[in-house]
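> sequence first, predicted model second:
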Amino acid sequence: MLFTTREAAERLQVHARTVRKWIDTFEDYICPESNERGHYLLTEESLHCLADIKERLKEPNKSMKQIRDDLIKEGKIIKDFTRNQIDSEQTIRYISDNMENMIDMVEELFTRMERLESHLFSLFAAMENLEQQIATLSYDNISASEIHQMFEEIRKKQEHLKFELRNAHFTQRLISATRSTSFPPRRKKKTFLFF
């Protein structure tokens, strides 16, 4: 027959939260089962273990840690050093293997980045070389008269721009001069109303 933590608490005359706390602390002594929802289910033997813990806690100044140590001394809880030691050694081995793999991956990444950097430098050098070749070809193909004509067009555009700037400046001065002088207001036309 299996009991819930609430039923166990009623039998032991303690709060259900207290039973859950004891199960969490002394799980390897009480050995509870669990249902599909993850709730604890207790056997008759588990109830005897809980009653034993309740009796031990009645002793003055007795903590749950001290009770756990007593249960280990009595052999009711097996403290498995070797399992913990094996687990920690496996963990350390796993971490060190992964660290070595990470170091190898980082070194591979650095070599790839160096190769990429050298490819980029060679690409930039090729682009500069190509740019120089295009510049020399374009200068060789353009005649002196065409270059003179281009400079002449640039000079004409500069003159036109200067003329436009002078006109804009003159118009601005004219507008500011007319605003500063006050003109008499215009006369309103008389309107006649016929009834």
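That came through fine.
> okay, now the unreliable bits of the protein?
79-89, 137-142, 144, 147, 160, 169, 172, 174-195 (pLDDT under 70).
> which parts of it are strands?
Secondary structure of the chain by DSSP state E: the strands cover 3-4, 33-34, 40-42.
> dump those strands into a markdown table; add distance to Glu114 as well.
For glycine as for every other residue, the C-beta is placed from the backbone atoms N, C-alpha and C. Converted to a markdown table, the strands of the chain look like this (distance: least, Cβ to Cβ, whole Å):
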| stretch | distance to Glu114 |
| --- | --- |
| strand 3-4 | 65 |
| strand 33-34 | 56 |
| strand 40-42 | 59 |
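> which of these sits most buried?
strand 40-42 (a mean of 20; mean count of other Cβ atoms under 10 Å).
> got phi/psi on Leu2?
The phi and psi values for Leu2, taken as degrees, to the nearest 10, are phi -110, psi 140.
> distance of it from His15?
Distance, Leu2 to His15, by Cβ to Cβ, to the nearest Å: 20 Å.
> just give me the longest helix of the chain.
Assignment by DSSP state H gives helix 81-141 as the longest helix of the chain.
> now do it: distance to the chain's middle.
Distance of helix 81-141 from its chain centroid, counting by Cα atoms, centre = their mean, to the nearest Å, is 23 Å.
> go through the strands of the chain and name the closest to Trp22.
Taking Cβ to Cβ, strand 40-42 is the member of the strands of the chain nearest to Trp22, at 10.5 Å.
> against which helices or strands is that closest one packed?
Counting contacts by 3 or more Cβ pairs under 8 Å, 6 or more residues apart in numbering; DSSP states H and E, strand 40-42 is packed against strand 3-4, helix 5-12, helix 16-25, strand 33-34.
> what's the closest of the ones you listed to Ala51?
helix 5-12 (6.2 Å).
> pretty sure Ser34 is touching Leu42, no?
No - using Cβ atoms under 8 Å, Ser34 is not in contact with Leu42; the gap is 10.2 Å.
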